[in-house]
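J.: everything below, folded, please.
(one chain, ligands or ions: 1)
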Amino acid sequence: MTLLEVKELRLAFGGLLAIDGLSFSVNEAEIVSVIGPNGAGKTSAFNCVTGFYRPTGGEIAFDGRSLLGLRPSAVAGVGISRTFQNLRLFGELSVLDNVRAGSHLWLKQSVFDALLHTPRYRRTERECTDEANHWLDFVGLRGDRYSAARNLPYGEQRRVEIARALARKPRLLLLDEPAAGLNHTEKAEMLDLIRRIRDLGIAIVLIEHDMGLVMQVSERIVVLNFGKEIADGRPEEVRRDPAVIEAYLGSDAHA
Ligand SMILES: Nc1ncnc2c1ncn2[C@@H]1O[C@H](COP(=O)(O)OP(=O)(O)OP(=O)(O)O)[C@@H](O)[C@H]1O
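T.: Coordinates of the predicted model:
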């Protein structure tokens, strides 16, 4: 079943067309990668889907419902979580509290409960901590979960960000360059983690420059160049597509 449907998406920054007619869909529990040279419009597309940017034209629907005009928090509420190219953890907060912040999205608490520390407040706070610990185990965090997030090595912080996104209980997860800055072993672990997330029934859209990872993990790949979609297909099709080779390597590649 189609979960996310992007149709004829357009986004202009003044005279610059950052996205010029992008259409793609993502099925439930599918891994789709969006690739393209620097500045092709990949992150802008994520920002449109998640309500950070308002598209100039086109349609974005999730589970049959339009997302246009929704604020980022409302988009998260319908079941779409994301991570950011530049990590956005709360550096001073503990690792555990960063992930607990993700669970608060679905907690049913009132200000009244929080102020008076009602039994319901204590129960839901406990659930929230259990959930956070569960997701930190799931992503394979090795570091101390009670220390400030900024003290963790970079690769571990990436895992925390993914744990926080998962704690929101998404049906679709958008990962913006999750392997950037990771070493060889960490990249292999990231590949395994992405597959395990999909095995939970969560669809994934991945922006990634590491072609080895993209080719191994993706069921489908959408290729952007200067805001235009130049290919959409299975990894083995996209790899051989002359327009894709040209976009990445320039016309010299044919020589
Ligand atoms: N807030 C903004 N204001 C103006 N121009 C922007 C803004 N965000 C992105 N752009 C421009 O839109 C184009 C697409 O940028 P975008 O960041 O989406 O590309 P990308 O494919 O994600 O690149 P990268 O792989 O380098 O992250 C670029 O020309 C960029 O300079």
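J.: before we move on, which element is the closest residue to Asn183 other than its chain neighbours in?
T.: Nearest residue to Asn183, sequence neighbours excluded (C-beta to C-beta, 6 or more residues apart in numbering): Gly155, at 7.2 Å. Any C-beta I mention is one placed from the backbone N, CA and C, and that applies to glycine too. Following DSSP states H and E, one finds Gly155 within helix 154-167.
J.: go ahead and measure how far stretch 215-224 is from the middle of the chain.
T.: Per C-alpha atoms, centre = their mean, to the nearest Å, the displacement of stretch 215-224 from the mean C-alpha position of its chain is 14 Å.
J.: try stretch 39-56
T.: Offset of stretch 39-56 from its chain centre (C-alpha atoms, centre = their mean): 12 Å.
J.: show me the shaky parts of this protein.
T.: The chain contains residues with pLDDT under 70 at 104-116, 250-255.
J.: give me that answer again for 50
T.: 251, 253-255 (pLDDT under 50).
J.: got a list of what Leu22 touches?
T.: By C-beta atoms under 8 Å, 6 or more residues apart in numbering, the contact set of Leu22 is 6, 8-10, 41, 45, 58, 222, 224, 227-229.
J.: and for Glu156?
T.: So Glu156 contacts 141-143 (C-beta under 8 Å, 6+ apart).
J.: go on, Val139?
T.: 159-160, 162-163, 166, 193.
J.: how many neighbours does the residue nearest to it when sequence neighbours are not counted have?
T.: Nearest residue to Val139 in three dimensions, chain neighbours excluded: Arg159, at 4.2 Å (C-beta to C-beta, 6+ apart). Using other C-beta atoms under 10 Å, Arg159 has 24 other residues around it.
J.: distance check, Arg159 against the ligand.
T.: 21 Å (C-beta to the nearest ligand atom, to the nearest Å).
J.: what of Ile197?
T.: From Ile197 to the ligand the distance is 21 Å (C-beta to the nearest ligand atom).
J.: kindly report the same for Glu189.
T.: 23 Å.
J.: count of neighbours near the residue nearest to that residue when sequence neighbours are not counted?
T.: Spatially, and ignoring its direct neighbours in sequence, Glu189 is nearest to Gly140 (6.5 Å; C-beta to C-beta, 6+ apart). Gly140: 14 surrounding residues under other C-beta under 10 Å.
J.: if anything else comes up later, I'll come back, but that's it for now.
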